[in-house]
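# Need the 3D shape of this:
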Amino acid sequence: MPIFQIFTNVPKASLPDGFVGKCSDVWGGLIGKPKQYTCVNVLPDQMMSFAGTQEPCALVLARSIGKIGKDENKGYTEKLTELLGSIGVAKNRMYVVFEDLPAENVGHDGTTFPFMKL
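Residues are numbered from 1 along each chain as shown. All right, here's what the predicted structure looks like:
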């Protein structure tokens with residue numbers, strides 16, 4: 001159950017076609033979860049600043065049930081930084097925030113993940 005959100009001041013018109021799908025492929029691939037459970041939300045045109053300027057910047061929220069940890073997050077950050085670089089966000093102009101969600105706190109398809117037949 002990967003959830004991936006990007007908040008950025010990059011204009012929507014500057015995002016390449018298929019960017020949301022690419023985000024789904026990258027994040028789902030990194031954590032090894034089925035694409036059918038991956039949810040991506042890209043929010044361009046945000047009123048944002050980073051380090052006191054409004055040059056392109058981003059806040060990335062990457063959540064999953066499991067597969068989040070000190071060593072994994074370092075590798076994920078490297079790949080996600082490359083992904084955001086493809087839309088013009090420099091690696092020193094973003095934060096990537098990881099959250100390991102307890103399965104019992106995530107609902108889908110009328111139940112929560114511990115009770116799903118996967």
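# In the protein, where's the longest helix?
helix 70-85 (DSSP state H).
# Give the partner strands of the helix or strand just after it in its sheet and their orientations.
Helices and strands here follow DSSP states H and E; after helix 70-85, the next one along the chain is strand 94-100. Here strand 94-100 has these sheet partners by DSSP bridges: strand 58-64 (parallel).
# could you check the angle helix 70-85 makes with the strand it pairs with?
140 degrees (axes from the mean of the first three to the mean of the last three CA atoms, to 10 degrees).
# List the neighbours of stretch 55-64 that are in contact with it.
Around stretch 55-64, the neighbours that count as contacts under CB atoms under 8 Å, 6 or more residues apart in numbering are 1-10, 27, 31, 33, 48-51, 68, 76, 80, 84, 87-90, 93-101. C-beta coordinates here come from the backbone N, C-alpha and C atoms, glycine included.
# Make a ChimeraX selection of the buried ones in those residues.
ChimeraX command restricting these to the buried ones, with burial defined by 16 or more other CB atoms under 10 Å:
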select :1,2,3,4,5,6,7,8,9,10,27,31,33,48,50,68,76,80,84,87,88,89,93,94,96,98,101
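# Roughly how far does the residue nearest to residue 12 when sequence neighbours are not counted sit from residue 74?
Once flanking residues are discounted, residue 12 sits nearest to residue 44: 4.2 Å by CB to CB, 6 or more residues apart in numbering. Using CB to CB, to the nearest Å, we find residue 44 at a distance of 27 Å from residue 74.
# Those two: which is more packed in?
residue 44 (17 against 9; other CB atoms under 10 Å).
# residues touching the more buried one, list them.
Contacts of residue 44 by CB under 8 Å, 6+ apart are 8-12, 14-15.
# These: which two are farthest apart?
9 and 15 (12.0 Å; CB to CB).
# tell me which element residue 23 falls in.
Here residue 23 is assigned to helix 19-31, by DSSP H and E.
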